[in-house]
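Undergrad: Below are the sequence and a predicted model; questions follow.
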Amino acid sequence: MTKLPYYLGSSDNVSKILVTTVFNGVGFSAWKRLMIISHSAKNKLSFVDGTITAPPVNSPTYSGWHRVNSMIISWILNSLHKNIAESILFLSTAHEIWQELKQRYDQYNNALIYQIQQQLYSKFLEDQCLIQLLMGLNKSHKIIQGQILMKQPLPSLSTAYSLIIHEKRQRIITASSFVNNEAIAMPVSSDPSPNLVKKTLTCTHCKKTSYSKAQCYRLVRFPSNFKFTKAKKEECKSSVHNATYFPFTSEQYQQLLQLLNNNTSQSSISHVNIFIADNAMNPEGNSFSFKSFAANAYK
């Protein structure tokens with residue numbers, strides 16, 4: 001048996017809540033859908049959508065309509081947040097309340113959907129611009145590029161740009177510090193004492209000090225104006241060896257000449273010549289005894 005629109009059951013009362021979620025201004029579409037289902041189940045949707053209008057006050061059906069209308073208003077108010085319920089409390093029919101709520105929040109909901117979709121699209125568009133920015137960076141920014149892409153969610157375009165600028169400034173500061181340190185170290189390392197350099201250098205080819213292998217004349221050729229000091233030493237040694245050593249003093253030589261003049265025998269002259277020649281080749285010949293020589297020369 002179909003319930004008449006003016007019919008109210010024993011379970012219908014003013015404190016009844018038709019939906020589990022109280023509307024607080026957010027999610028009106030879902031709340032509206034639940035309210036429509038609940039009123040349809042109770043055969044009271046015609047009061048809400050305006051299909052059944054208020055009869056004249058003097059009509060015999062007015063009292064029944066008024067009774068059902070008041071019950072539906074209480075159900076709607078029970079399903080609204082206190083602040084929203086108070087704002088529509090003085091509207092006289094359930095249909096007026098329903099229209100007011102739709103006018104407030106259906107349009108607001110559409111605007112909210114538009115706003116949300118716009119924000120989503122703006123975020124999508126910003127992400128695309130961010131990707132384009134990162135793709136335009138050169139290889140030197142690979143590290144900061146990876147760090148930005150790993151962030152969840154992706155940072156805004158302005159934040160990413162700020163991170164890139166900060167990273168570039170850090171590079172400039174690091175490079176400047178490196179140059180300053182090099183400049184400080186240069187006077188110490190590049191201008192050492194010449195004597196210290198010579199002492200520390202050793203040629204690995206000839207094993208001599210004061211120059212390196214790259215400067216060794218035995219490998220890179222001697223310059224045309226080079227003076228060979230060793231040749232002078234060799235020449236001096238050669239002169240010493242080649243010089244004839246005379247083992248007599250000037251006085252002894254004069255005595256020898258006098259003896260020769262007094263005695264000119266062939267055997268004596270030969271004996272003197274042999275002795276002179278032997279002692280001339282022996283640097284130690286000057287240690288002989290001239291008297292012994294003179295005595296032996298005339299035996």
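TA: Yes, it's here. Computed from a predicted structure; not experimentally measured. Residues are numbered from 1 along each chain as shown.
Undergrad: Tyr217 against Asn225, yeah?
TA: No: checked against CB atoms under 8 Å, the pair Tyr217 and Asn225 is beyond contact range at 11.9 Å. Just so you know, the C-beta spots here come from the backbone N, C-alpha and C atoms, and that holds for glycine as well.
Undergrad: the more surrounded of the two?
TA: Tyr217 (12 against 5; other CB atoms under 10 Å).
Undergrad: Give me the pLDDT for that one.
TA: For Tyr217, the pLDDT comes out at 73.
Undergrad: I'd like the distance between it and Met150.
TA: From Tyr217 over to Met150 the distance is 63 Å, taken as CB to CB, to the nearest Å.
Undergrad: and if you look at Ala94?
TA: Applying CB to CB to Ala94 and Met150 gives a distance of 56 Å.
Undergrad: likewise Val68?
TA: Noted for Val68: a distance of 62 Å to Met150, by CB to CB.
Undergrad: Please apply the same query to Tyr62.
TA: Applying CB to CB, the value for Tyr62 to Met150 is 71 Å.
Undergrad: Name the residue in the two with the higher neighbour count.
TA: Using other CB under 10 Å, the more surrounded residue of Tyr62 and Met150 is Tyr62, with 13 against 8.
Undergrad: so the more buried one makes contact with Thr53?
TA: No: using CB under 8 Å as the test, Tyr62 is too far from Thr53 to be in contact (11.3 Å).
Undergrad: Now do the same contact list for His205.
TA: His205 makes contact with 213, 216, 218-219 under the criterion CB atoms under 8 Å, 6 or more residues apart in numbering.
Undergrad: Among those, which ones are in helices?
TA: Using DSSP state H, the members of the contacts of His205 that fall within helices are 218-219.
Undergrad: Let me know the closest of the contacts of His205 to Ile164.
TA: The closest of the contacts of His205 to Ile164 turns out to be Lys213 (CB to CB; 49.8 Å).
Undergrad: Surely the closest one touches Lys207?
TA: No: Lys213 lies out of contact with Lys207 (CB under 8 Å); the separation is 10.2 Å.
Undergrad: Neighbour count for the two, which is higher?
TA: For Lys213 versus Lys207, neighbours defined as other CB under 10 Å are more numerous around Lys213 (14 against 7).
Undergrad: contacting residues for the more buried one?
TA: Lys213 neighbours (CB under 8 Å, 6+ apart): 203-205, 219.
Undergrad: Show me which of the residues you listed are buried.
TA: Among the contacts of Lys213, the ones that count as buried by 16 or more other CB atoms under 10 Å are Cys203.
Undergrad: Show me the contacts of Lys213 that map onto helices.
TA: Per DSSP H, these map to helices at Leu219.
Undergrad: quick check, nearest of the contacts of Lys213 to Ser162?
TA: Nearest to Ser162 among the contacts of Lys213: Thr204, at 56.4 Å, using CB to CB.
Undergrad: That closest one and Arg218, how far apart?
TA: Taking CB to CB, one finds Thr204 at 12 Å from Arg218.
Undergrad: buried residues in stretch 132-150?
TA: 134, 141, 144-145, 148.
Undergrad: re the thing from before, Throw the contacts of His205 into CSV and include distance to Tyr105, thanks.
TA: Formatted as CSV, the contacts of His205 follow (distance: CB to CB, whole Å):
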residue, distance to Tyr105
Lys213, 93
Cys216, 97
Arg218, 102
Leu219, 97
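Undergrad: In the contacts of His205, find the pair that's most separated.
TA: Lys213 and Arg218 (9.7 Å).
Undergrad: now the stretch 1-150 of the chain, which segments are flagged as low pLDDT?
TA: Within the stretch 1-150 of the chain, the segments meeting pLDDT under 70 span 1-3, 108-112.
Undergrad: got the residue ranges for the helices in it?
TA: Counting by DSSP state H, counting those that start in this stretch, the segments of the stretch 1-150 of the chain that form helices are 28-41, 45-48, 62-78, 82-87, 94-101, 107-135, 142-149.
Undergrad: Tell me how far the closest residue in space to Arg218 that isn't next to it in sequence lies from Arg221.
TA: The shortest distance from Arg218 to any non-neighbouring residue, by CB to CB, 6 or more residues apart in numbering, is to Cys206 (5.7 Å). Using CB to CB, Cys206 is found at 14 Å from Arg221.
Undergrad: and those two? which has more neighbours close in?
TA: Neighbours were counted for Cys206 and for Arg221 using other CB under 10 Å; Cys206 has more, 13 against 8.
Undergrad: surely the more buried one meets Val220?
TA: No: with contacts counted by CB under 8 Å, Cys206 stays clear of Val220, the gap being 11.9 Å.
Undergrad: Leu163 contacts Leu154, correct?
TA: No: if you go by CB under 8 Å, Leu163 and Leu154 don't touch, sitting 11.7 Å apart.
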